[in-house]
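S.K.: Attaching a predicted model along with its sequence, questions to come.
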Protein chains: 2
Amino acid sequence: MRIALDAMGGDHAPGPIVAGAVRAAAADPELSVVLVGDQAQVEPLLAGAAAARDRLEILHCTQVVTMDESPIDALRKKPDNSISRCWQQLAERKVDAIVSAGHTGAMVAGGFKLKLFLKGVKRPGIATIMPTFQGNSILLDVGANVSPKPEHLYQYGVMGDIFAKHIFGHKKPKIGLLNIGSEEHKGHDLAKDTAALFKKSPLADQFVGNIEGRDINKGVCDVIVTEGFVGNAVLKMSEAVFEFVMKMTAKELMATLQQEKALGQQALQNIIKRYDYHETGGAPLLGIDGICIICHGSSGERAIENALGMAARYARAQLNERIVKELAAGPVSSGKE
Amino acid sequence: MRIALDAMGGDHAPGPIVAGAVRAAAADPELSVVLVGDQAQVEPLLAGAAAARDRLEILHCTQVVTMDESPIDALRKKPDNSISRCWQQLAERKVDAIVSAGHTGAMVAGGFKLKLFLKGVKRPGIATIMPTFQGNSILLDVGANVSPKPEHLYQYGVMGDIFAKHIFGHKKPKIGLLNIGSEEHKGHDLAKDTAALFKKSPLADQFVGNIEGRDINKGVCDVIVTEGFVGNAVLKMSEAVFEFVMKMTAKELMATLQQEKALGQQALQNIIKRYDYHETGGAPLLGIDGICIICHGSSGERAIENALGMAARYARAQLNERIVKELAAGPVSSGKE
């Protein structure tokens, strides 16, 4: 298993990014990581890698896409940026997967520019894992595709279904469409047309219809399909509310508890450890011919370690082969749009 | 102040709905409530109203819109439903405001059917109050308008601005557009065209540009403008995450705390009391010629009491007169679409 990691991507890169790679390589003896970035900055950070050092190589590049840049412009103006170099490694089949905590838009644009899509996929989508009362669900798309067509959303259902089956281990995942109400007549044309597509597809008996934002955490379905704009807003809002509630609760607990403040803090830490995005690692860009994991900009070494582990797990689960097969059986034409 | 209340609307109607009206009337001697609903069910619930009884009258009607009905169909097939009767009271100027915890879609459709819009308003929008680290912000639209045009979103900015000024007391509210990133090039055409409208409007220097879902609770702006589909998903998700985190935290605290479990529970209750939607009462449908408050289906008597208080406060703040004036000064044509 060989993974290219954008060593320069992320708010705190390259320090914690490289440290995460060192941890992941130490934990998985079959893993090799190609650290894509500025050799002068990356090399010293590998000093403590010990036995894993020979599975950590550096691919030097001179440029970085910064967070304030337009993705399209940045990829054009900076041909030697670390994100494009990762994508090239994937396109040339030199790696099985790529991972970056850099500019999400540039990561997506890099794949779209190369058209490195799986056979039959019209638009890749970013999937994210959402904790629920029943375990984990997958929500997609959360930002790769802000103006999708119904057939794109249907394909997200197909990809999410395979993810839920082979990563979560659900036998027959339930698929829901995020809408503003559960009744059939609700929402805009995109929602109505997408529901119609699901109903005449091989996924018809797994499709539970419309679900609302309030249903996600209840775990009423395993796969939640939505357009990138909505998914992105919902995801970021849920992270923010989590943080907000945790901070407010911590303040209130410290003001209320007397002798057991430390225990109260411990309980909150347990919650944060269980639900914080740092633990899940990253979000796969599904529909790419290869594995692509996009991490939070604020990722620390633990998040990067987890993202590398996630990439290796996805590659081993052969999700892509299954997606291609399933798409070929569906109602969406594979012709050009 | 005279308010029509849909006595039959809500998961637990009419019991807590009528009880909320009794409390509100007892608390505000200038308030009269017209309870719109089935006289046989409502009348016995007024037995304990005491001195407020003569400011609580019943407008009998025979039908109720149920939650599983299509709003348009329901309003047509059930002409004597409590929501339509409330709207008629408002249209005939017999009341200053209407309040319902019934079918949200039917409440909105009732206003749209009568075209009871304020002068210059193209589409009313539902506004909701979001708690932030800096106090309260207002988010709109959260579901009245799922396929808006840029000029509709601009008008939500105008209405939200007036709300934030005259209800929250902010001198110069900051207005943000919910998008998938803060950079100018982000998002779909609707977002880009809406931003352009704000920039050439009298609100240009209050417009902070794009904000993300994660920014809402930080309080980076006082007014968050978005399309109904996105606002609805974000709002419901944030309520669900709040509930999810509270339940998980309660469980963890009870398992961790030893002698101070009761204090821990007290702290959580304080948080719930502060941020729960039951406390805010309801969401105003802004842009209506009159006051219209839409409450959660699960509203109890406290939520209804608060919603009635909110309606009275809005009417007294003369929001509508200010909205009409401000819209006349803006860049959006008041001609027909």
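M.R.: It's in.
S.K.: Just give the number of residues close to A:Phe167.
M.R.: I think there's a mix-up here, since residue A:167 is Ile and not Phe. Using other C-beta atoms under 10 Å in any protein chain shown, A:Ile167 is surrounded by 18 other residues. Where C-beta positions appear, they are placed from N, C-alpha and C, glycine not excepted.
S.K.: ok, now A:Glu151?
M.R.: 19.
S.K.: Just to be sure, it is in a helix?
M.R.: Yes - in this structure, A:Glu151 lies within a helix as judged by DSSP: H, G, I helix; E, B strand; the rest coil.
S.K.: What sits closest to A:Phe112 if chain neighbours are left out?
M.R.: For A:Phe112, ignoring the flanking residues on the chain, the nearest one in space by C-beta to C-beta, 6 or more residues apart in numbering or on different chains is A:Pro124 at 7.6 Å.
S.K.: check contacts around A:Lys78.
M.R.: Applying C-beta atoms under 8 Å, 6 or more residues apart in numbering or on different chains to A:Lys78 gives the contacts A:Gln63, A:Val64, A:Val65, A:Ser84.
S.K.: thinking again about what came up before, my read: the residue nearest to A:Phe112 touches A:Ala144, true?
M.R.: Yes - between A:Pro124 and A:Ala144 a contact is recorded at 5.8 Å, counting by C-beta atoms under 8 Å.
S.K.: Compare the two (neighbour count), which wins?
M.R.: A:Ala144 (31 against 27).
S.K.: and the more buried one, what pLDDT?
M.R.: The per-residue pLDDT reported for A:Ala144 equals 94.
S.K.: Scan chain A for its longest strand.
M.R.: The longest strand of chain A (DSSP state E) is strand A:125-132.
S.K.: Report the helix or strand with the lowest average pLDDT across chain A.
M.R.: Least confident helix or strand, chain A: helix A:277-280 with a mean of 61, by mean pLDDT, DSSP states H and E.
S.K.: count of residues packed around A:Asn270?
M.R.: By the criterion of other C-beta under 10 Å, A:Asn270 has 16 neighbours.
S.K.: Please, which helix or strand holds it?
M.R.: helix A:261-275 (DSSP states H and E).
S.K.: Show me the contact partners of that helix.
M.R.: With C-beta under 8 Å, 6+ apart as the criterion, helix A:261-275 contacts A:131, A:242, A:246, A:249-250, A:253-254, A:257, A:279, B:245, B:248-249, B:252-253, B:255-258, B:260, B:264, B:267.
S.K.: and the angle for that helix with helix B:261-275?
M.R.: Following axes from the mean of the first three to the mean of the last three C-alpha atoms, to 10 degrees, one obtains 60 degrees for the angle between helix A:261-275 and helix B:261-275.
S.K.: Could you list the buried residues of helix A:261-275?
M.R.: Burial within helix A:261-275, assessed by neighbour count using 16 or more other C-beta atoms under 10 Å in any protein chain shown, is assigned to A:Leu263, A:Gly264, A:Ala267, A:Leu268, A:Asn270, A:Ile271, A:Tyr275.
S.K.: What of stretch A:1-17?
M.R.: So for stretch A:1-17, counting by 16+ other C-beta under 10 Å, buried means A:1-10, A:13-14, A:16-17.
S.K.: Let's see that stretch as PDB, backbone CA atoms only.
M.R.: This file holds the C-alpha atoms of stretch A:1-17, laid out as PDB (Å, rounded to 0.1, in the frame of the first residue of the first chain):
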ATOM      1  CA  MET A   1       0.000   0.000   0.000                       C
ATOM      2  CA  ARG A   2       1.500   3.300  -1.200                       C
ATOM      3  CA  ILE A   3       0.000   6.600  -0.300                       C
ATOM      4  CA  ALA A   4       0.900  10.200  -1.400                       C
ATOM      5  CA  LEU A   5       0.500  12.700   1.400                       C
ATOM      6  CA  ASP A   6       0.400  16.400   0.800                       C
ATOM      7  CA  ALA A   7       3.000  17.400   3.400                       C
ATOM      8  CA  MET A   8       2.400  21.100   2.900                       C
ATOM      9  CA  GLY A   9      -1.400  21.100   3.200                       C
ATOM     10  CA  GLY A  10      -3.100  22.100   6.500                       C
ATOM     11  CA  ASP A  11      -3.100  25.000   8.900                       C
ATOM     12  CA  HIS A  12      -0.100  23.700  10.800                       C
ATOM     13  CA  ALA A  13       1.800  21.900   8.000                       C
ATOM     14  CA  PRO A  14       4.300  20.400   7.600                       C
ATOM     15  CA  GLY A  15       5.000  19.600  11.300                       C
ATOM     16  CA  PRO A  16       1.900  17.500  12.400                       C
ATOM     17  CA  ILE A  17       1.300  16.200   8.900                       C
END
